[in-house]
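Asks: Build me a model from this:
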Amino acid sequence: MAEAAGEFRNVPVLYVASCLVPDASKEFSPGAVAVADGLVVAAGAPADVERRIPSGFDRRDLPGLAIIPGLVNAHTHLSIPRLAGREDTLASSSLSFMDWILRVVEWKRNAPPGEFRRNVEASAREAISGGTTAVGEIAGPDSAAYASLPLRSRVFVEGIGFHPEVAGTVLSSVEEILGRIDGFSRAGVRIAPGISPHTLYTCGPGLLRGLAQLGERRNIPLALHLAESPAEMAFLASGEGEVSTRLYPAVGKDVSFFRGLGEPIPAYLHKAGILREGLVLVHNVHLSRREIDDLQASGAKFVLCPRSNAAHRNGSPDVTHFVDAEIPFALGTDSLGSVDSLSMWDEMREAAGLYRGGLSPEEMGRTLFRAATENGARALGLSSGRLLPGAPADFAAVDLPGGRTGEGICTRLVDRGEAKHVRLTVIAGERMHERP
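Replies: So this is what the prediction gives:
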């Protein structure tokens, strides 16, 4: 049975397709979505939807296509481009993790004026063409680059500073940029603010506490890169390794005073006041299963980026535990400096290849589809991710891959869907991408 919601003011549209997947638990063949004023008015079987809506809807038929919720890329750095290697160096996506970080530092220092904005615009276009409608973005150096971001987004303003004497200055800068993000939102951009204490090896305890308090005061989520690489874990354990011998010397800093966290990561985060509902942990490659369970029990949400982890030879997240323990997780591509595309289709398949448990292909397909849609929206505190009455009209229409007998639509899409199969991407009822 279709559901309906709300009155509408502008000319509405009824989209009718061969299939509709309003969320990972439901499928309609055929299916329809009615849209008005940027919101879903009704979704379900076409006859049910048509009974629920008044006359006056324009009709758009999409034969052979499946309508799905817009994909949610829960971790991006849209301002970081594909960093082609110089003649005597490797492309950034082929570098070891520490070599890659140093390449990014060099690029940021030498980026010409306007590059960050151009990169954000180009990355947004690429993401939208692949069916992505929302992102969890780590803000680049130029906050003005987000003034006209077409994607629905949670933009996390980054705080970096390991030494205690810089904490106050960094906090003031983060607050100032949050104010700019608020201004973009008031101007009609589909953007919401967040805070990102960058990592535990670039954000000292004083700054971490300050950012946690700022996030709590403003009631906005925080995103933390965590347990991404062996280099990070070595530094957090003892203060040794490439973070201290290569990264900090490259930026002219001495961290010889640091001798490790001195306690388990969950305890450290709890003491800093950051471990709460609204904390988004990104990567999570080198956490034990016990640590994952403890972090979830304290309210943390998780984003996995398996392609980026593989690119820099950092290892792989424990997809099997997340799935079998029924711990919700989202997916993110990370930046084009690490992966060759912003395709959430590729990210779903990469995650599928890491699963070693006994879940059926059908259940796994639904689990990964949910990770790339509603779980991402929920982690970011966004209202998209499902096509329900009153939800944002953020969706894609995609070529439906052929399937085996009895194979569900989610499984077919996860196994064989590609960015090039996306025919239409709609954000807040506005058609942002179309191809024949």
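Asks: Now stretch 67-74: average pLDDT?
Replies: Confidence for stretch 67-74, expressed as mean pLDDT, is 98.
Asks: for that stretch, the distance to its chain's centre please.
Replies: On the basis of Cα atoms, centre = their mean, to the nearest Å, stretch 67-74 sits 10 Å off its chain's mean C-alpha point.
Asks: now do the same end-to-end measure for it.
Replies: 21 Å (Cα to Cα, to the nearest Å).
Asks: Same check on stretch 375-386?
Replies: One end of stretch 375-386 sits 10 Å from the other (Cα to Cα).
Asks: Run through who's touching it.
Replies: With contacts defined as Cβ atoms under 8 Å, 6 or more residues apart in numbering, stretch 375-386 is touched by 22-23, 69-74, 133-134, 136, 152, 154, 192, 194, 220-221, 278, 280, 301-303, 328-332, 373-374, 391-392, 394. Using the backbone N, CA and C atoms, a C-beta is placed for each residue, glycine as well.
Asks: Inside strands: which ones of the residues you listed?
Replies: If you go by DSSP state E, the contacts of stretch 375-386 have 22-23, 69, 71-74, 133-134, 136, 152, 154, 192, 194, 280, 301-303, 329-331 in strands.
Asks: quick one: buried residues of stretch 416-431?
Replies: Across stretch 416-431, burial judged by 16 or more other Cβ atoms under 10 Å covers G417, E418, A419, H421, V422, R423, L424, T425, V426, I427, A428, G429.
Asks: give me phi/psi at the third one?
Replies: Same thing as A419. Main-chain torsions, A419, degrees, to the nearest 10: phi -60, psi -30.
Asks: For it, which non-adjacent residue is closest in space?
Replies: Closest residue to A419 in three dimensions, ignoring its sequence neighbours and counting by Cβ to Cβ, 6 or more residues apart in numbering: G130, at 3.4 Å.
Asks: For A396, see how far away the one you found is.
Replies: Distance check for G130 against A396: by Cβ to Cβ, to the nearest Å, it reads 8 Å.
Asks: Now the helix or strand where E126 lies - C-alpha only, PDB.
Replies: In this structure, E126 sits in helix 115-129 according to DSSP states H and E. What follows is helix 115-129, C-alpha atoms only, in PDB (Å, rounded to 0.1, in the frame of the first residue of the first chain):
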ATOM      1  CA  GLU A 115      41.600  25.100  -7.300                       C
ATOM      2  CA  PHE A 116      39.700  23.900  -4.300                       C
ATOM      3  CA  ARG A 117      36.500  25.300  -5.600                       C
ATOM      4  CA  ARG A 118      37.000  23.800  -9.000                       C
ATOM      5  CA  ASN A 119      37.800  20.400  -7.500                       C
ATOM      6  CA  VAL A 120      34.700  20.500  -5.300                       C
ATOM      7  CA  GLU A 121      32.500  21.400  -8.300                       C
ATOM      8  CA  ALA A 122      34.000  18.600 -10.500                       C
ATOM      9  CA  SER A 123      33.800  16.000  -7.800                       C
ATOM     10  CA  ALA A 124      30.200  16.900  -7.100                       C
ATOM     11  CA  ARG A 125      29.300  16.500 -10.800                       C
ATOM     12  CA  GLU A 126      31.000  13.100 -10.900                       C
ATOM     13  CA  ALA A 127      29.300  11.900  -7.700                       C
ATOM     14  CA  ILE A 128      25.800  13.000  -8.900                       C
ATOM     15  CA  SER A 129      26.300  11.400 -12.300                       C
END
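Asks: Give me the contact list for it.
Replies: With Cβ under 8 Å, 6+ apart, helix 115-129 has contacts from 73, 76, 78-81, 135, 140-142, 144-146, 149-151, 336, 341-342, 419, 422, 425, 427, 432-433.
Asks: Off-centre distance for it?
Replies: Chain-centre distance of helix 115-129: 15 Å, with Cα atoms, centre = their mean.
Asks: Any idea how many residues pack against the closest residue to P197 other than its chain neighbours?
Replies: Spatially, and ignoring its direct neighbours in sequence, P197 is nearest to C203 (4.3 Å; Cβ to Cβ, 6+ apart). Other residues near C203 come to 26 when the count uses other Cβ atoms under 10 Å.
Asks: so where do the helices sit in the stretch 51-200 of the chain?
Replies: Remark: helices assigned in the stretch 51-200 of the chain by DSSP state H, counting those that start in this stretch are 97-110, 115-129, 167-186.
Asks: got those helices as TSV, with mean neighbour count and mean pLDDT columns?
Replies: Below are the helices of the stretch 51-200 of the chain laid out as TSV (neighbours: other Cβ atoms under 10 Å; pLDDT from 0 to 100):
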stretch	mean neighbour count	mean pLDDT
helix 97-110	16	93
helix 115-129	20	97
helix 167-186	16	97
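Asks: With distance to F369 as added columns, please give those helices in a markdown table.
Replies: Listed next are the helices of the stretch 51-200 of the chain as a markdown table, based on distance: least, Cβ to Cβ, whole Å:
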| stretch | distance to F369 |
| --- | --- |
| helix 97-110 | 30 |
| helix 115-129 | 18 |
| helix 167-186 | 29 |
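Asks: what about these, which gets the closest to E291?
Replies: helix 97-110 (20.3 Å; Cβ to Cβ).
Asks: list the helices and strands the closest one packs on?
Replies: On a contact count with 3 or more Cβ pairs under 8 Å, 6 or more residues apart in numbering; DSSP states H and E, helix 97-110 meets helix 230-238.
Asks: what inclination does the helix it packs on have with respect to helix 97-110?
Replies: Counting by axes from the mean of the first three to the mean of the last three Cα atoms, to 10 degrees, helix 230-238 lies at 100 degrees to helix 97-110.
Asks: Show me which positions of helix 230-238 end up buried.
Replies: Going by 16+ other Cβ under 10 Å, helix 230-238 has these buried residues: P230, A231, E232, M233, A234, F235, L236.
Asks: any chance of those residues in JSON lines, plus pLDDT and distance to L208?
Replies: Converted to JSON lines, the buried residues of helix 230-238 look like this (pLDDT from 0 to 100; distance: Cβ to Cβ, whole Å):
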{"residue": "P230", "pLDDT": "97", "distance to L208": "22"}
{"residue": "A231", "pLDDT": "97", "distance to L208": "19"}
{"residue": "E232", "pLDDT": "98", "distance to L208": "15"}
{"residue": "M233", "pLDDT": "98", "distance to L208": "17"}
{"residue": "A234", "pLDDT": "98", "distance to L208": "20"}
{"residue": "F235", "pLDDT": "98", "distance to L208": "15"}
{"residue": "L236", "pLDDT": "98", "distance to L208": "13"}
